[in-house]
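In: Give the three-dimensional model of this entry:
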Amino acid sequence: MSVWLPIAVSWALAGVFGTALHHKLGDPVRFRASLAAYRLMPEGLTTVASVILMLVEAVTVCALLLATPLGLLLATLVLAAYALAMAINVLRGRHHIDCGCGDVPTPVSWFTVARNLCLITLAFWALTVRTSWPALDVWGVLFCAASAAITFGLYHCVEELLANRSRHQRLWLGVAT
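Out: Numbering: from 1, shown residues only. Modelled structure (predicted):
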C-alpha cells in the first residue's frame with residue numbers, strides 16, 4: 001500500500017487545486033482583485049498574471065490526476081509562490097487581504113502560510129518517494145481514492161477553521177482582518 005500513497009497524495013492535491021481553480025474560474029474578477037491586493041506586481045500585469053496562474057493550475061490539476069512527477073512539482077512550486085506572497089503581506093502587516101484560495105474570503109495569516117507549507121511538504125514528499133507508477137488493481141484504486149478523499153476532507157476542515165477564525169474575529173472581537 002505504501003507504493004500507492006504518492007498517488008493518493010497526487011489525487012488529494014488535485015482536489016485542492018481543482019476546488020481552488022473552480023472558484024477562480026467562477027469569479028475571475030474576484031481572483032484578479034485578490035491577486036492585485038497582494039501588491040507584488042505592477043497593476044497592469046494583474047490580468048495577465050491571473051490568466052497565467054489559472055492555466056498553470058489547470059495543468060497542475062490534470063498532471064496530478066495522472067499522478068505524474070510534473071504535477072507534484074508544479075503543485076510544490078505554485079504552493080510555494082502563494083506561501084511566499086502571503087508571508088510577504090503578513091510581514092507587511094496586510095492581514096486584511098483575501099488569500100484568493102477559495103470561495104469564502106480568508107484573510108492571509110501565518111495560519112494560511114502554514115497550511116501551504118504543510119501542502120508543500122506533502123507534495124514534495126510524494127515527489128521524492130515516487131519511483132514509478134505502480135500497477136493499480138481495483139484495491140489500489142479504492143485505496144488511493146479513499147485516502148485522497150480523507151486527505152481532501154481534512155484539508156477542507158482546515159479551510160473552514162481558517163474561514164471561521166476570520167468570522168469570529170470580526171464578529172466577536174471587533175478585530176479588522
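In: after the strand or helix carrying residue 48 comes which helix or strand?
Out: The secondary structure element spanning residue 48 is helix 46-65 (assigned by DSSP states H and E). Tracing the chain C-terminally past helix 46-65 and defining elements by DSSP H and E, one meets helix 69-91 next.
In: and that next one, how far from the chain's centre?
Out: Put simply, helix 69-91 sits 8 Å off its chain's centre (Cα atoms, centre = their mean, to the nearest Å).
In: Kindly report the same for stretch 21-39.
Out: 14 Å.
In: and residue 71, what is it in contact with?
Out: Neighbour list for residue 71: 10, 13-14, 60-65 [criterion: Cβ atoms under 8 Å, 6 or more residues apart in numbering]. The way it works is simple: take the backbone N, C-alpha and C, and place the C-beta from them, glycine included.
In: average pLDDT across the helix holding residue 48?
Out: Taken as a whole, helix 46-65 has a mean pLDDT of 96.
In: Now for the contacts of residue 71: which two are most distant?
Out: The widest separation within those, taken as Cβ to Cβ, falls between 13 and 62 and amounts to 12.1 Å.
In: Could I have the buried ones of the contacts of residue 71 as PyMOL selection syntax?
Out: In PyMOL, the members of these classed as buried (16 or more other Cβ atoms under 10 Å) are selected with the following command:
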select buried, resi 10+13+14+60+61+62+63+64+65
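In: Poorly predicted segments of this structure, please.
Out: Across the chain, the stretches falling below the confidence threshold (pLDDT under 70) are 1-2, 130-136, 165-177.
In: repeat that for 50
Out: Using pLDDT under 50 as the threshold, the predicted model of the chain has low-confidence ranges 1, 177.
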